[in-house]
Structure formats: C-alpha cells, structure tokens
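Student: have a look; sequence and predicted model below, questions after that.
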Amino acid sequence: MRDLTVGVDVGGTKVAGGLVTPKGHLVKSVVTPVRAFDGVKTSFMQVRRVIERLIAQAGGKGNIRGIGLCSPGALDRRTGLVINAPNLPGWENLHLVKELEKIFNLPARVENDANAAGLAEALYGAGMGYREVFYVTVSTGIGTGIIIDGNIYRGNQGVAGEGGHVCIDYNSPYRCTCGTLGCIEVLASGPAMARRARVRLEQEHAVPSLLRTMTNGKLHLISPEMIADAARAGDAVANSVLDDTGFYLGVWLGSMISLLDPGAIVIGGGVARIGKPLFAKIRNTILHYTLNPKLAQKIPIVPAKLQQNVGIYGAASLFRPGQDGNRS
C-alpha cells in the first residue's frame with residue numbers, strides 16, 4: 001500500500017528528508033550536510049542517498065506514493081526544471097524531476113521552498129483551519145506563499161507569490177539582488193537588519209551599544225540574533241533596528257492585506273523568532289497602511305509552527321490530492 005511520501009528539503013547547507021503519512025505525521029527523518037561547493041554531481045548524489053535511505057526505511061518503493069522536493073531559487077515546477085539555485089553551485093537547468101523519476105521509477109514533484117513551506121503551514125501548522133493563508137518567511141531573504149483552499153496559488157505562468165520582491169520604497173538607496181530598489185527583502189530581511197545596525201554605529205561613533213561589545217568592535221559581524229539579544233537587554237540601537245524592521249514589514253503586509261484579504265498571516269524564518277517586539281510593531285503599523293483597518297485588525301498574524309521540519313512537510317504535501325494542478 002502506497003501510503004508514505006518522501007519529502008526532501010534541499011538547501012545550501014543541508015539536505016533534510018522524511019517519510020510523511022497522508023495525515024501529516026513525520027515517521028522517519030534524515031539530515032545530512034551538503035557539500036555544495038564540490039559541484040552538482042556531489043550534491044545531487046547526496047540528495048539521492050537521502051532518498052534511498054528513506055525508501056529503505058519505508059520497507060521499499062511499494063510503500064511510497066512519490067518523492068516531493070523543495071528547492072530554493074528559480075524553477076519551473078510544471079517541467080521539474082531547476083533553473084538556478086544560487087546556494088547550490090551547478091544546479092542550473094537541472095531536470096531534477098526527470099532524473100529522480102528515472103532513478104527511482106516513482107513520481108516526483110518539485111516546488112519553490114517558500115511555496116512548499118506555506119502549504120505545509122496551511123495544512124499541518126499555524127494556518128490550519130483557514131481557507132486563505134499568506135505565508136511569509138523572513139531570514140536571509142523574504143519568501144512568501146499564497147495558499148487558497150489547501151492549494152498553492154501560482155498564477156498564469158506559475159511564478160506568482162514572490163512577495164519578497166514587492167517594492168515599498170522606490171527612493172531607497174538599497175538595491176535588491178533581483179535588481180529593484182527598495183524591495184521589502186532588501187529592507188527587512190536578516191542581512192538588512194544587520195546592515196542597518198552597522199551603518200548607524202559606523203556613522204555615530206559616540207553612540208554606545210552592546211553590539212560593539214558583542215562583536216569586539218568588528219561591526220561586520222553583527223547578526224540578527226545579536227540584535228535580538230541586545231534588544232532584550234535594553235540596547236537602544238538594537239531596539240531601533242527592530243522597530244524599523246517591524247515598521248517596514250507592517251507597511252508591506254498592510255498592502256498585502258488590501259490585495260489578498262487573507263484568513264491568516266503566518267510568519268516564519270529566523271527573524272520571525274525574535275517574537276513579541278517585532279510582531280507588536282508589525283500589527284500596529286498594518287492598521288495605518290491598509291484599506292480596511294477594522295477588518296485587518298481581525299486577521300490573525302501568527303508565528304509559524306513547523307520550524308526546522310517545514311521543508312520536509314511542504315515537499316511531502318505536494319502529493320496531497322489536487323497539488324498536481326496549477327491554481328490560478
């Protein structure tokens with residue numbers, strides 16, 4: 001009986017895989033570091049070995065419905081082609097689905113990592129029970145997923161949901177990796193937080209801050225985690241950075257609410273784990289930057305639930321009924 005799905009989360013530093021039941025229970029998991037800079041043959045072989053181990057743990061291919069994968073970067077999910085995965089050297093124009101189906105003789109599907117994570121949170125995590133879920137992950141970048149009736153909204157060409165590259169400040173001096181000035185990603189991601197703190201401390205030499213002590217004066221070492229810790233200790237610079245970050249995210253999410261009217265907003269990623277101070281600023285700001293503040297006030301804005309396993313759940317969710325279609 002084919003009742004287990006292999007879910008594989010392929011990242012720049014590790015491959016995490018698991019066996020997931022139709023009801024969303026993770027029964028086995030495997031994690032291995034990725035030797036990404038050894039080239040595509042090595043990193044692909046590591047993905048293959050994780051899948052082999054999981055199939056063996058499932059008792060053979062006869063117990064597997066399919067192989068789902070989530071991958072960062074640009075991809076064509078309809079053909080299973082990874083166009084470019086920036087953190088995986090050599091993963092360019094890689095026919096990932098075709099290769100895996102040939103090797104394992106099982107159906108395979110691939111999805112953008114943020115879409116897959118959003119689907120997982122809607123089906124099994126913090127978004128359960130809501131018809132429309134807007135998922136946001138705030139970490140090294142900002143990724144989003146739009147989930148409607150348990151399906152990923154992909155748009156006409158299959159590339160919808162790139163909310164991290166919505167411009168909120170076209171006069172910004174900061175250009176995103178996508179080429180646009182003032183994307184929310186370049187203003188509120190983890191690296192943006194670190195840059196904001198570093199620039200202020202470099203420009204205002206007399207301003208005291210725990211961040212100077214934490215980095216021993218090497219301000220390029222500032223991280224979002226340091227900023228969060230310093231803010232909890234009452235550091236004014238760190239709290240100012242959190243305030244600015246929450247403001248930008250609130251302005252952006254206010255527009256997303258006006259556009260999408262979601263049932264819930266789920267926020268994940270490393271930056272989101274900062275918790276109450278960031279979420280409070282986001283909630284307060286949204287009300288000033290959306291069409292219907294009274295309605296927006298009722299929309300739950302909640303932290304993601306699935307944490308480090310979200311990619312595994314998301315990849316496995318690609319084999320839920322209806323996920324082979326293209327919601328538009």
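Tutor: Structure's in. What do you need?
Student: ok, the residue lying closest to Asp243 once chain neighbours are set aside - contacts?
Tutor: Leaving aside its sequence neighbours, Asp243 sits nearest to Lys281 (Cβ to Cβ, 6 or more residues apart in numbering; 5.8 Å). Glycine gets a C-beta too; all of them are placed from N, C-alpha and C. Neighbour list for Lys281: 242-243, 245-247, 249-250 [criterion: Cβ atoms under 8 Å, 6 or more residues apart in numbering].
Student: surely Lys281 forms part of a strand?
Tutor: No. Using DSSP: H, G, I helix; E, B strand; the rest coil, the assignment for Lys281 is helix, not a strand.
Student: so for it, what's the pLDDT?
Tutor: Lys281 carries a pLDDT score of 94 in this model.
Student: next: Ser139.
Tutor: For Ser139, the pLDDT comes out at 87.
Student: which parts of stretch 133-151 are buried?
Tutor: 133-148, 150-151 (16 or more other Cβ atoms under 10 Å).
Student: circling back: selection in PyMOL covering whichever of the contacts of Lys281 are buried, please.
Tutor: Buried residues among those (16+ other Cβ under 10 Å), as a PyMOL selection:
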select buried, resi 242+245+246+247+249+250
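Student: and the residue nearest to Ser209 when sequence neighbours are not counted, how far is that from Val199?
Tutor: Setting aside the residues directly before and after it, Ser209 is nearest to Val237 in space (Cβ to Cβ, 6+ apart), at 4.2 Å. With distances taken as Cβ to Cβ, to the nearest Å, Val237 is found 11 Å from Val199.
Student: who's more crowded, the two?
Tutor: Taking Val237 and Val199 together and counting by other Cβ atoms under 10 Å, Val237 has the greater number of neighbours (22 against 11).
Student: quickly find the element holding the more buried one.
Tutor: Assessed by DSSP states H and E, Val237 sits inside helix 236-260.
Student: report all helices and strands that that helix contacts.
Tutor: Packing partners of helix 236-260 (3 or more Cβ pairs under 8 Å, 6 or more residues apart in numbering; DSSP states H and E): strand 132-138, helix 184-188, helix 190-203, helix 210-214, helix 224-232, strand 264-268, helix 276-286.
Student: quick check: which of the ones you listed is nearest to Phe37?
Tutor: Closest to Phe37 of the helices and strands packed on helix 236-260, according to Cβ to Cβ: helix 190-203, at 20.5 Å.
Student: any idea of the mean pLDDT in that closest one?
Tutor: Mean pLDDT, helix 190-203: 94.
Student: so which elements touch it?
Tutor: Judged by 3+ Cβ pairs under 8 Å, 6+ apart, helix 190-203 is in contact with helix 210-214, helix 224-232, helix 236-260.
Student: can you dump the C-alpha coordinates of that helix into PDB?
Tutor: Only the C-alpha atoms of helix 190-203 are listed here, as PDB (Å, rounded to 0.1, in the frame of the first residue of the first chain):
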ATOM      1  CA  GLY A 190      18.100  39.400   8.300                       C
ATOM      2  CA  PRO A 191      21.000  41.000   6.300                       C
ATOM      3  CA  ALA A 192      19.100  44.200   6.100                       C
ATOM      4  CA  MET A 193      18.800  44.400   9.900                       C
ATOM      5  CA  ALA A 194      22.500  43.800  10.300                       C
ATOM      6  CA  ARG A 195      23.300  46.400   7.700                       C
ATOM      7  CA  ARG A 196      21.100  49.000   9.400                       C
ATOM      8  CA  ALA A 197      22.700  48.400  12.800                       C
ATOM      9  CA  ARG A 198      26.300  48.500  11.300                       C
ATOM     10  CA  VAL A 199      25.700  51.700   9.300                       C
ATOM     11  CA  ARG A 200      24.300  53.600  12.300                       C
ATOM     12  CA  LEU A 201      27.200  52.600  14.600                       C
ATOM     13  CA  GLU A 202      29.700  53.400  11.900                       C
ATOM     14  CA  GLN A 203      28.200  56.800  11.300                       C
END
